[in-house]
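A.B. asks: Sharing a sequence plus its predicted fold:
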Amino acid sequence: QDDDDEEDSSETSSSKEDPLTSSISSQLKAMSEQSADATSTPGKTPTKRKKPLDEVVKNSSKLYNLRNRKNQLFSGEEANEARYREDENLVRICEYKSISLTRGDLLRLEEGEMLNDNLIDFSVLSCDHPDDYHLFNCQFFPILMSSKHAVERSAKRIPRLDKVRLFEKKLLFFPVNHIGHWILIIFVPEGLPHFRTKRMSVPLFIICDPLGPGFSKIPINKIGSYLKKRFKYERPNETPPTFHFSTAKVPLQQNGVDCGVYVIMYLHEFVSFPPTHLPVDRRDFKSPYSNPKQMRKHIHQKIDTLRAEYVQKPIHEDDSDDCIEILN
């Protein structure tokens, strides 16, 4: 009778468990029992038996995969949070030029969250700058990396030759995400004088990396190849110059998630107060947004302003309920 009660209670508890978790647990238990039976028999002293190497590797791999799968299961609270964030990314709250902003973007402005492409592009497009500056969006670098012919095609078309002459600009800004890390690359077509020698440098890149020196040179090489080809289209009768690069001394991120915020801070700093000489030292920002918390708040306020402007506009019949359109 006691055995029956135990079996009933075990069946009741197992029925309450998640089916996937129960299945994994039962497989782990069965494999453990098989392992015990293989090494001992009733009434005899257990003896160690060497297993063939392929059997050991197979069982170890299977156990690892089962445990790894079990560890990856969401708890109820984590699953709800993941579903909530996914739903929020589908709710559009406003548009700015070509960028659709969602509630999920607002969640990424909370401390401890990484900024996505949407927020970087919004900050770039909404940044006031002189006409002799050109700001690329963060989709440009992935285009250069998309194929072996992408650099050549981009040099002809991005931006349009009949509208923009890059080598007549004073500064070019490239926000780049490379291997999950944001950096800002500034190109100075006319170069900068050195602080001591006063000699004018050749056209150069200024690297602003929130992690400090030690950046990958892949973005520099790709963008450099693009600019050299672009130079041939803009000035076909001249020889493309040699490009140099310099690392700017800038405030560095203090955690693993603020690189995107720092890139926007660098952008505001150098658009408002452009570099005048080499080396570039901006460890003390001149712009009002000198820390990540202030910058996150500033971006949030700009988005809130867009939403408020929309509320005051009439809703047309062809507008969907969850779509807010603001075009400047």
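C.D. replies: Cool, got the structure.
A.B. asks: going forward, measure contacts between C-alpha atoms and count neighbours the same way
C.D. replies: OK.
A.B. asks: Am I right that residue 263 sits in a strand?
C.D. replies: No: judged by DSSP: H, G, I helix; E, B strand; the rest coil, residue 263 forms no part of a strand; its state is helix.
A.B. asks: Which neighbours in the sheet does the strand or helix carrying residue 205 have, and how are they oriented?
C.D. replies: Here residue 205 sits within strand 204-208, counting by DSSP states H and E. Within its sheet, strand 204-208 is paired with strand 181-188 (antiparallel), strand 244-247 (parallel), according to DSSP bridges.
A.B. asks: tell me, which of those is the model least confident about?
C.D. replies: Of all the strands paired with strand 204-208, the minimum mean pLDDT falls on strand 244-247 (a mean of 93).
A.B. asks: in it, what's buried?
C.D. replies: Buried residues in strand 244-247, counted by 16 or more other CA atoms under 10 Å: 245, 247.
A.B. asks: try stretch 212-227
C.D. replies: Neighbour-count burial for stretch 212-227, counted by 16+ other CA under 10 Å, picks out 212, 215, 219-220, 223-227.
A.B. asks: Equivalent analysis for stretch 231-249, please.
C.D. replies: Buried positions in stretch 231-249, judged by neighbour count with 16+ other CA under 10 Å: 231, 234, 243, 245, 247-249.
A.B. asks: Next: stretch 107-118.
C.D. replies: 107-109, 114-118.
A.B. asks: list the contacts for the spatially closest residue to residue 212 that is not a sequence neighbour?
C.D. replies: Distances taken as CA to CA, 6 or more residues apart in numbering place residue 252 nearest to residue 212, at 6.6 Å, with adjacent residues excluded. Contacts for residue 252 were tallied using CA atoms under 8 Å, 6 or more residues apart in numbering; they are 209-212, 262.
A.B. asks: Then residue 178?
C.D. replies: Each residue near residue 178 by CA under 8 Å, 6+ apart is listed here: residue 219.
A.B. asks: From residue 194, how far out is residue 260?
C.D. replies: The spacing between residue 260 and residue 194, counted by CA to CA, to the nearest Å, is 29 Å.
A.B. asks: So between the two, which is more surrounded?
C.D. replies: It is residue 260, of residue 260 and residue 194, that has more neighbours when counted by other CA atoms under 10 Å, with 26 against 15.
A.B. asks: Poorly predicted segments of the protein, please.
C.D. replies: By pLDDT under 70, the weakly predicted segments of the chain are 1-88, 310-328.
A.B. asks: Now with 50, please.
C.D. replies: Applying pLDDT under 50 to the chain flags the ranges 2-3, 6-17, 38-42, 48, 50-54, 56-74, 312-328.
A.B. asks: part of a helix, is residue 255?
C.D. replies: No: counting by three-state DSSP, residue 255 falls outside a helix, being coil.
A.B. asks: For it, list the residues it contacts.
C.D. replies: Residues near residue 255 by CA under 8 Å, 6+ apart: none.
A.B. asks: just to revisit the earlier point, just among the contacts of residue 252, which is most surrounded?
C.D. replies: When these are compared by neighbour count (other CA under 10 Å), residue 262 ends up highest, at 27 neighbours.
A.B. asks: My read is that it contacts residue 210, right?
C.D. replies: Yes: shown here, residue 262 and residue 210 form a contact pair, counting by CA atoms under 8 Å, at 6.4 Å.
A.B. asks: Now do the buried residues in the host helix or strand of residue 153.
C.D. replies: For residue 153, the host element (DSSP H and E) is helix 150-157. Using 16+ other CA under 10 Å as the test for burial, helix 150-157 gives 151-152, 154-156.
A.B. asks: Just the CA trace of it, in CSV.
C.D. replies: In CSV, the C-alpha atoms belonging to helix 150-157 read as follows (Å, rounded to 0.1, in the frame of the first residue of the first chain):
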residue,chain,number,x,y,z
ALA,A,150,29.9,46.5,-52.3
VAL,A,151,32.7,49.0,-51.8
GLU,A,152,32.9,49.8,-55.6
ARG,A,153,29.1,50.1,-55.8
SER,A,154,28.8,52.3,-52.7
ALA,A,155,31.6,54.6,-54.0
LYS,A,156,29.4,55.4,-57.0
ARG,A,157,26.1,55.7,-55.3
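A.B. asks: what does it rub up against?
C.D. replies: With contacts defined as CA under 8 Å, 6+ apart, helix 150-157 is touched by 143-145, 222, 225-227, 229-230, 233.
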